[in-house]
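Engineer: coords below, sequence missing:
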């Protein structure tokens, strides 16, 4: 999903009782907020009410309805501030609460399932309305809206509203939209703080402490998850990610999918859902699924805010039976434009939106999962590469004992690789005469941390094998050498065949010299034959043919030659063909060159 598509999903699917505060900077931004908000209301069967100073809403109405003819006339209504906020000539928070209750009753009486409202708050600019009075009203809405299911969006013009008022407004809205991004508002003070329920000072202090601790707790958890991505097994990372998401977002179900190499199927590798037996299950992807290709990931999350209206994808039966309503899926990828490893999907039983802050939180987890999956794939690929490599790979520990050896050694010395672990170089078959130099080289690599090469002979029941070896130091997290890796290539056949190849090379050189002599002799014979051919051609040319050849060499056409000699063009054509045959050439240019060579034509000096 693009940024605009995410905003449309977020605004179009606000849960009942939502209270949002967009601070817009331009009329176009305001329009981008209103259209999806009201379109969802019409689709849900709600009555939409827009309170604005502007009386012309033709553009808004056209885009909300999209040309639909079966929309009720009252589906989108407009009122002015005097007809709502300033009834009776002044603003009264209590009367506004009654006003919304009456409007909801009227909407339901008219056959609508609920009420969705937006209020332009510009009416409060330049008036004598105190910010405290406006805050009292917004706080009262936070109690009214959840109990009635009314969705409300209070629009504030950033460029026209005083900073002091915007600061108070932020205190009263749980959700804020800034620069077209939806945020959980950390400055929101719940109604009980404002209305004085219980001990207001203790409640306010506890709230402030919670606001301080929440981002630190979340960031700390993300750091811990990052360490797991680097240092732990993928299974541990998956379990930690599931716990973190369910704890921080308060959702019920988390699913983690791995995209298979085919690009058209996924494997479920993690879930907190009701059916744990589905872990490991492979599922084919529908063609229109974002993961149904190996193309790079998109720029944003996939949000399904209400599965009742989703037609592109199917919710698993177990989750549908569990009452899942809203979901969000995040691509598991290092960054936009990079290949995807899978998808992290979060499900909620309650209708909800996912703010940009939550999306970014989930994307961070997706990045850590991507690193974990990439590391697991690399380790698996490396293990397969080493186990099937034709080169002999041996890891030596600090005592120069074998810590690991791949199966390639078995075809050289005939001993099972597993039985060599813990053994010394002598047990590998290193010749005693070479052992001191070999172990000295290993010690040097360990001490200097620099790669070296060594040619070693191994002796076994299968015979002697000559190995070309690279000795590579392996470093630990502290920068110190923790093991040595020797990578050996069997060059026995190469060494054995060197004498044969040398003899063969000398034989080939001798044969090449003989061929060169033959070629030179043939060249002399060819030149002699060519001279004889030229002389013969000169003898066989008639006087007329010589004349025609001179005209041909002068660049004359057949018609011009015929006119000059006094013969027909057809005869000239036949004569030219006969001349080409006698001169053993195929075209007029070559014939002209041969004419110069025969002395028939004297070349013009430059």
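Structural biologist: Great, that's in hand. Keep in mind the model is a prediction, meaning the values are calculated, not measured. Numbering: from 1, shown residues only.
Engineer: By residue count, tell me the biggest strand in the protein.
Structural biologist: The longest strand of the chain (DSSP state E) is strand 463-475.
Engineer: got the contact list for that strand?
Structural biologist: Under the criterion C-beta atoms under 8 Å, 6 or more residues apart in numbering, residues 392, 395, 412-413, 441-442, 445-446, 449-458, 481-492, 494-495 lie in contact with strand 463-475. C-betas here are computed from N, CA, C, even on glycine.
Engineer: quick one: strands adjacent to it?
Structural biologist: strand 452-460 (antiparallel), strand 481-490 (antiparallel) (DSSP bridges).
Engineer: Run the chain-centre distance for the shortest one.
Structural biologist: Taking C-alpha atoms, centre = their mean, to the nearest Å, one finds the center of strand 452-460 at 45 Å from the center of the full chain.
Engineer: Looking only at it, what residues are buried by neighbour count?
Structural biologist: 454, 456-458 (16 or more other C-beta atoms under 10 Å).
Engineer: ok, back up a step: what subset of the contacts of strand 463-475 is buried?
Structural biologist: In the contacts of strand 463-475, the ones that pass as buried (16+ other C-beta under 10 Å) are 392, 395, 412-413, 441-442, 445-446, 454, 456-458, 483-488, 490-491.
Engineer: buried set for the one helix or strand residue 208 maps to?
Structural biologist: Assessed by DSSP states H and E, residue 208 sits inside helix 200-231. Buried residues in helix 200-231, defined by neighbour count with 16+ other C-beta under 10 Å: 203, 218, 221-222, 225-226, 228-229.
Engineer: Mind picking the one among the buried residues of strand 452-460 that's closest to residue 99?
Structural biologist: When the buried residues of strand 452-460 are compared for distance to residue 99 (C-beta to C-beta), residue 454 wins out at 90.4 Å.
Engineer: How about the closest one: what's its closest non-neighbour residue?
Structural biologist: Counting by C-beta to C-beta, 6 or more residues apart in numbering, the nearest residue to residue 454 once its immediate chain neighbours are dropped is residue 469, at 4.7 Å.
Engineer: what about residue 172, how many neighbours?
Structural biologist: Close neighbours of residue 172, defined as other C-beta atoms under 10 Å, add up to 25.
Engineer: For it, which residues are in contact?
Structural biologist: Contacts of residue 172 by C-beta under 8 Å, 6+ apart are 21, 135, 138-139, 141-142, 188-189, 194.
Engineer: Which one of the buried residues of helix 200-231 is nearest to residue 547?
Structural biologist: residue 229 (94.1 Å).
Engineer: So the closest one sits against residue 371, correct?
Structural biologist: Yes. Contact status for residue 229 versus residue 371: in contact at 4.5 Å, counting by C-beta atoms under 8 Å.
Engineer: Can you give me the buried ones in the helix or strand containing residue 62?
Structural biologist: In this assignment (DSSP H and E), residue 62 forms part of helix 58-65. Of the residues in helix 58-65, 60, 64-65 count as buried by neighbour count, 16+ other C-beta under 10 Å.
Engineer: In TSV: these, plus distance to residue 43.
Structural biologist: Below are these laid out as TSV (distance: C-beta to C-beta, whole Å):
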residue	distance to residue 43
60	16
64	10
65	11
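Engineer: Among the residues you listed, find the lowest-pLDDT one for me.
Structural biologist: Ranked by pLDDT, the buried residues of helix 58-65 bottom out at residue 65 (70).
Engineer: Quick check, that one in contact with residue 42.
Structural biologist: Yes. Look at residue 65 against residue 42 with C-beta under 8 Å: they come within range, at 7.0 Å.
Engineer: Could you measure from residue 395 over to residue 221?
Structural biologist: 36 Å (C-beta to C-beta, to the nearest Å).
Engineer: dump the residue contacts of residue 256.
Structural biologist: 238, 241-242, 268-271, 332, 342-345, 369.
Engineer: and it, what helix or strand is that in?
Structural biologist: Residue 256 belongs to strand 253-259, assigned by DSSP H and E.
Engineer: Now the element after that strand, going C-ward?
Structural biologist: The helix or strand immediately downstream of strand 253-259 is strand 265-271, counting by DSSP H and E.
Engineer: Name the strands paired with the next helix or strand after that next one and say parallel or antiparallel.
Structural biologist: Once the chain leaves strand 265-271, the next helix or strand it forms, by DSSP H and E, is strand 282-284. Its sheet considered, strand 282-284 pairs with strand 265-271 (antiparallel) by DSSP bridges.
Engineer: Tell me where the stretch 301-450 of the chain has strands.
Structural biologist: Remark: strands assigned in the stretch 301-450 of the chain by DSSP state E, counting those that start in this stretch are 302-304, 326-332, 342-348, 392-396, 402-405.
Engineer: Equivalent analysis for the stretch 501-606 of the chain, please.
Structural biologist: According to DSSP E, counting those that start in this stretch, the stretch 501-606 of the chain contains no strands.
Engineer: Give me the residue ranges of it where confidence is low.
Structural biologist: 525-539, 602-606 (pLDDT under 70).
Engineer: Can you show me the helices along it?
Structural biologist: 543-553, 558-565, 569-582, 588-598 (DSSP state H, counting those that start in this stretch).
Engineer: So which elements touch the second one?
Structural biologist: Helix 558-565 makes packing contacts with helix 543-553, helix 569-582 when contacts are defined by 3 or more C-beta pairs under 8 Å, 6 or more residues apart in numbering; DSSP states H and E.
Engineer: Identify, out of those helices, the most deeply packed stretch.
Structural biologist: Most buried of the helices and strands packed on helix 558-565, by mean neighbour count (mean count of other C-beta atoms under 10 Å): helix 543-553, with a mean of 18.
Engineer: And for it, what's in contact with it?
Structural biologist: Contacts of helix 543-553 (C-beta under 8 Å, 6+ apart): 541, 560-561, 564-565, 572, 575-576, 578-579, 582, 588, 591-592, 595-596, 600-601.
Engineer: Recalculate using a threshold of 7 Å.
Structural biologist: Identification of contacts with helix 543-553 by C-beta atoms under 7 Å, 6 or more residues apart in numbering yields 541, 561, 564-565, 575-576, 579, 588, 591-592, 595, 600-601.
Engineer: which among those residues gets closest to residue 519?
Structural biologist: Among those, residue 591 lies closest to residue 519 (C-beta to C-beta), at 28.9 Å.
Engineer: how much space between residue 117 and residue 48?
Structural biologist: As for residue 117, its distance to residue 48 is 8 Å (criterion: C-beta to C-beta).
Engineer: Could you give the average pLDDT over the helix holding residue 208?
Structural biologist: Here the average pLDDT along helix 200-231 is 86.
Engineer: Downstream of that helix, the next helix or strand is which one?
Structural biologist: helix 234-249.
Engineer: ok, residues contacting that next one?
Structural biologist: 218, 221, 225, 228-229, 251, 254, 256, 269-270, 272, 346, 358, 361, 365, 368-369, 372-373, 376.
Engineer: That helix vs strand 342-348, what angle?
Structural biologist: Using axes from the mean of the first three to the mean of the last three C-alpha atoms, to 10 degrees, the interaxial angle of helix 234-249 with respect to strand 342-348 works out to 30 degrees.
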